[in-house]
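> whatever this is, show me its structure:
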Amino acid sequence: MKVGLIGCGGMGTTHNLSLKALSTKMNIEVTALADCRTEFLEKAAIQWPNARLYKTGMELLETETLDSVHICLPSYLHTEHALAAMDKGMNVFVEKPVCLTEEEAEKLMDAQKRNGVQVMVGQVVRSFDEYRYLKECYDTGRFGALKSITMQRVSGDAAWGYEDWFHEEGKSGSVVLDLHVHDLDFLRYMLGKPDSFDVRATAFSSGMINQIFTAYEFGKVFAITEGIWDISSALPFEASFHACFEEASVIFKGREKTPLTVYKNDGRIEHPVLHREYDVNDDSAGINISNLGPYYTEIKYFIQCLQEGKPVEVAPLEEGIQSVRQAIREWKQAKEYVNKR
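Purely as a prediction, here's the structure:
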């Protein structure tokens, strides 16, 4: 399979390293790379010395014939490149958020229907072992019914973006569509569409939302999430959750040495052993995540779907779009809340 990679920065590096690791076990090769920054392009090409290099993603898409393409560009560029790739008959792996507006969402759905290609969205939390364990506990009723869950995704100010695109709300969708979208997507994945939700938020001095609290009701389950880009870029990233079941609490703290703990109602404490498919840490991407394992897992799944002719069922385009639509609704509430204060 011939694969193209558009965007060789932070997330692009994560994809590139995962694809390289997978190429030792699967019949894939990255044959084309694109990035407007020469240093990032040359760094990515070290893994694929025979790959053709392009300064822009559009140039790559116009020139190449590929089985699939990975789009790892700033969020505001996702839709136009995904549309161009689909119209060339290429299968697409596009990073989250898949788009930023309802108009873009409609265009993407129409293009996939028109071209009949496979599209997967990089909602990578669905591939994290700890979150998969949580969903399994919920699906199987291992600890009885889920009563409530709190989720946090805390990050320092996003200071690593090319030309500071994170801080332009129309380009990133603020912390809501860039960071918080991970937790709301997972809640949707596990619990379905929320029956109701309520938002509180804060903003940077520019007016851009930098912190959001959302309270949801999913039937009998109550959920609260927090997503924040802190005012300091030095604050270390951490994702966490606290799920209260009838018979146990399942707690994940991403920065702990033993991050996953089960506290049972009889007083016993357990640390579930998770058999990680690929357990490699690499800081060369320069972003707030260094563990390549979940990215390896989601990309492997996408490749397997293409090679076996199976539909993408974990994070397909429609799911990515539904999470964007929910995030847009929350973003609007957040703006209204901040503007009233």
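> how much space between the residue lying farthest from the centre of the chain and residue 252?
Within the chain, residue 266 marks the point farthest from the mean C-alpha position, 36.2 Å out by Cα atoms, centre = their mean. The spacing between residue 266 and residue 252, counted by Cβ to Cβ, to the nearest Å, is 21 Å. The way it works is simple: take the backbone N, C-alpha and C, and place the C-beta from them, glycine included.
> contact partners for the closest residue to residue 189 other than its chain neighbours?
Spatial nearest neighbour of residue 189, excluding adjacent residues (Cβ to Cβ, 6 or more residues apart in numbering): residue 126 at 5.7 Å. For residue 126, the contacting residues are 132, 185, 186, 189, 298, 314, 315, by Cβ atoms under 8 Å, 6 or more residues apart in numbering.
> and residue 126, that's in a strand?
No - note on residue 126: no strand contains this position according to DSSP: H, G, I helix; E, B strand; the rest coil, which reports helix.
> helix, strand, or coil at residue 31?
Recorded secondary structure, residue 31: strand (three-state DSSP).
> please tell me how far it sits from residue 23.
Residue 31 is 11 Å from residue 23, where distance means Cβ to Cβ.
> pull the number of nearby residues for the residue nearest to residue 203 when sequence neighbours are not counted.
Taking Cβ to Cβ, 6+ apart, and ignoring the residues beside it in sequence, residue 203 has residue 338 as its nearest neighbour in space, at 4.7 Å. Counted with other Cβ atoms under 10 Å, the burial measure for residue 338 works out to 19 neighbours.
> do you know the pLDDT at residue 338?
The score at residue 338 is 97. That number is its pLDDT.
> what residues sit buried inside the helix or strand it falls within?
Of the helices and strands defined by DSSP states H and E, residue 338 is found in helix 317-340. Going by neighbour count (16 or more other Cβ atoms under 10 Å), the buried part of helix 317-340 is 317-321, 323-324, 326-331, 333-335, 337-338.
> identify the residues contacting that helix?
Contacts of helix 317-340 from elsewhere in the structure, counted by Cβ under 8 Å, 6+ apart, are 94, 96-102, 105, 108-109, 112, 119-121, 123, 173-174, 176-177, 180-181, 184-185, 188-189, 193-194, 197-203, 207, 209, 212, 214.
> circling back to that earlier point, give me the buried subset of the contacts of residue 126.
Buried by 16+ other Cβ under 10 Å: 185, 186, 189, 298, 314, 315, out of the contacts of residue 126.
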